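Peer 1: kindly generate the corresponding structure for this input.
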Amino acid sequence: MNVEIYTVDYCPYCKKALAFLNEHNVEYTQHKIDKDESLWREKLAHMYDIKGEVTVPQIIIDGKRIGGYSDLMEAYNSGCIKF
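Peer 2: All right, here's what the predicted structure looks like:
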């Protein structure tokens, strides 16, 4: 399983998502976008066809955009993803 997460340091939901992944021993690649946040939000919107505001974290599993922290929790709790 290939997990990527786009984060900014000031985001509490980014911290929650990272803690969840760590607690479940999930290996992931973290992309900190603090330095070029606006540019990265535009890139993410284009890469994953996101309509409206691009929030963080953005979690990508095996090339598929899951969404943010609440989307991750919903997918995990419903059994759509398993770690």
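Peer 1: quick one: the strands in this protein, in order.
Peer 2: 3-7, 29-32, 58-61, 64-67 (DSSP state E).
Peer 1: using CSV, lay out those together with mean neighbour count, distance to Tyr48 and mean pLDDT.
Peer 2: Backbone N, C-alpha and C define where each C-beta goes, glycine included. What follows is these, written out as CSV (neighbours: other C-beta atoms under 10 Å; distance: least, C-beta to C-beta, whole Å; pLDDT from 0 to 100):
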stretch, mean neighbour count, distance to Tyr48, mean pLDDT
strand 3-7, 20, 10, 98
strand 29-32, 13, 13, 98
strand 58-61, 23, 7, 98
strand 64-67, 16, 4, 96
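Peer 1: nearest to Ala19, of these?
Peer 2: Smallest distance to Ala19 across the strands of the chain (C-beta to C-beta): 11.5 Å, for strand 3-7.
Peer 1: contacts for that closest one, please.
Peer 2: 14, 17-18, 21, 26-33, 40, 44, 56-61 (C-beta atoms under 8 Å, 6 or more residues apart in numbering).
Peer 1: hang on, the earlier thing: can I get the strands of the chain in a markdown table with distance to Glu74?
Peer 2: Output for the strands of the chain, formatted as a markdown table (distance: least, C-beta to C-beta, whole Å):
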| stretch | distance to Glu74 |
| --- | --- |
| strand 3-7 | 16 |
| strand 29-32 | 21 |
| strand 58-61 | 12 |
| strand 64-67 | 9 |
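Peer 1: contacts only, for the spatially most central residue of the chain.
Peer 2: The residue lying closest to the centre of the chain (C-alpha atoms, centre = their mean) is Ile59, at 2.1 Å. Residues in contact with Ile59 (C-beta under 8 Å, 6+ apart) are Val3, Glu4, Ile5, Tyr6, Ala17, Arg65, Ile66, Gly67, Gly68, Tyr69, Asp71, Leu72.
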